[in-house]
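> Have a look; sequence and predicted model below, questions after that.
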Amino acid sequence: MTENQAPSYYNQAIANDIITLVKPLLQQAGYRLRDGDGKIYADTFMAFDTPWHHVYHADDLDCHTWHKILFDTIFMRLGKKCAPSKCHGCWKVVIRPKNLKQLFALLNLQMRMGRPSKCGIEVRPTVNGLYGGYFYNHGIEAGLECYEAVRKEVDIDPELGPDVSVILKRACTEFELYCGPSDEWEVNQEQAQIEQLVNKWFVRDIVQRTQPNHALATVHRKWIEWAYQNADQTYLEYTNGIPVFPKVVSYHHLAEKAAKKKKEIFNKLRAGEIHLRDLKEM
């Protein structure tokens, strides 16, 4: 196609083919085309199998569309090293509690500060740490202000303190691992066209969810069992000192007992208290 030649009908069809881009969502994830206008949607529901306690939600974050649809379903499948453009303005203050007791202390801190945030256990293999907390901000200026406020509160918290790591980072870790350093991200024309297509055809209700107590009980139970699994003994403070699972019956003491008996016999032989012929009767 020459510079001034109009794109073929085939190329126009490709440029408008949202169905092929998101076919896995339509086939496996419960998305469908809505009668009447053909918009793509799925019934929304609260996630129950999560490691996170969502303390306060940000009003205008649509992480599901940006991360699950654009990044996981489209960009990664196409091999496009693109971080969703909306995520370029997301700045996170990240806290790394060292144990379960500090995680609960961080939860209380987030509740006191009243900023968009969450905390929980880190089950992702790409994260170096067992626990994490996140504060969400729009723009680097807001991120820096939040970092200073959080660092101050963590430093003076009796259960946390200056030794607990607090950093400011941009967007999701997965984006940086796949797309490269976040200070080098750009939005090219192809990415912009794909995002335009998604914004045009996907519809989603943005609702302010609050996790009910029974869902939080599931989350906190996971935290305690995770701490037990990873030899974090501070979990005992939440179980009245009782192990999550009982100790197994062990038998290695029998080997120690047998070794002790052999040593006693050897010493008696050496001292002449018994003779080799006596061993047959022992």
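Noted; the coordinates are in hand.
> mind listing what L160 touches?
Residues in contact with L160, defined by C-beta atoms under 8 Å, 6 or more residues apart in numbering, are I95, P97, Q102, A105, L106, L109, V154. To be clear about C-beta, it is placed using only N, CA and C from the backbone, and glycine gets the same treatment.
> which SS class is it?
Here L160 is recorded as coil under DSSP: H, G, I helix; E, B strand; the rest coil.
> Now it: closest residue in space that isn't a chain neighbour?
V154 (4.7 Å; C-beta to C-beta, 6 or more residues apart in numbering).
> secondary structure element for the one you found?
Secondary structure assignment for V154, by DSSP states H and E: helix 140-156.
> Not counting the helix or strand just after that helix itself, show me its contacts.
Going down the chain from helix 140-156, the next helix or strand is strand 165-170, by DSSP H and E. Strand 165-170 has contacts (C-beta under 8 Å, 6+ apart) with 88, 90-96, 143-144, 146-147, 150-151, 154, 176, 182-183.
> Could you do stretch 68-83 as well?
With C-beta under 8 Å, 6+ apart, stretch 68-83 has contacts from 21-22, 24-25, 84, 171-172, 174-176, 178-180, 182, 185, 187-188, 190-191, 194-195, 198, 202.
> re the thing from before, tell me which residues of the helix holding V154 come out buried.
Neighbour counts over helix 140-156 (16 or more other C-beta atoms under 10 Å) mark G143, C146, Y147, V150, R151, E153, V154 as buried.
> how about the closest residue to the first one other than its chain neighbours, secondary structure?
Pointing back at G143 there. Nearest non-adjacent residue to G143, counting by C-beta to C-beta, 6+ apart: W91, 2.9 Å away. Per three-state DSSP, the secondary structure class of W91 is strand.
> Tell me the bridge partners for W91.
Beta-bridge partners of W91, counted by DSSP bridges, are N137, R170.
> burial of R209, as a residue count?
When counting by other C-beta atoms under 10 Å, one arrives at 13 neighbours for R209.
> In contact with it: list those residues for me.
R209 makes contacts with M46, H54, H57, as judged by C-beta under 8 Å, 6+ apart.
> Format the CA atom coordinates belonging to the helix or strand of the chain with the lowest mean pLDDT as CSV.
Every helix and strand of the chain was ranked by mean pLDDT, DSSP states H and E. The lowest is helix 252-271, at a mean of 74. The C-alpha coordinates for helix 252-271 follow below in CSV (Å, rounded to 0.1, in the frame of the first residue of the first chain):
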residue,chain,number,x,y,z
HIS,A,252,13.6,-40.2,65.4
HIS,A,253,14.0,-40.5,69.2
LEU,A,254,14.1,-44.3,68.8
ALA,A,255,17.4,-43.9,66.8
GLU,A,256,18.8,-41.8,69.6
LYS,A,257,17.7,-44.3,72.1
ALA,A,258,19.4,-47.2,70.2
ALA,A,259,22.6,-45.2,69.7
LYS,A,260,22.7,-44.5,73.5
LYS,A,261,22.3,-48.2,74.3
LYS,A,262,25.1,-49.2,71.9
LYS,A,263,27.4,-46.6,73.5
GLU,A,264,26.6,-48.0,76.9
ILE,A,265,27.4,-51.6,75.8
PHE,A,266,30.7,-50.5,74.2
ASN,A,267,31.8,-48.7,77.3
LYS,A,268,31.0,-51.7,79.5
LEU,A,269,33.0,-54.0,77.1
ARG,A,270,35.9,-51.6,77.3
ALA,A,271,35.7,-51.5,81.0
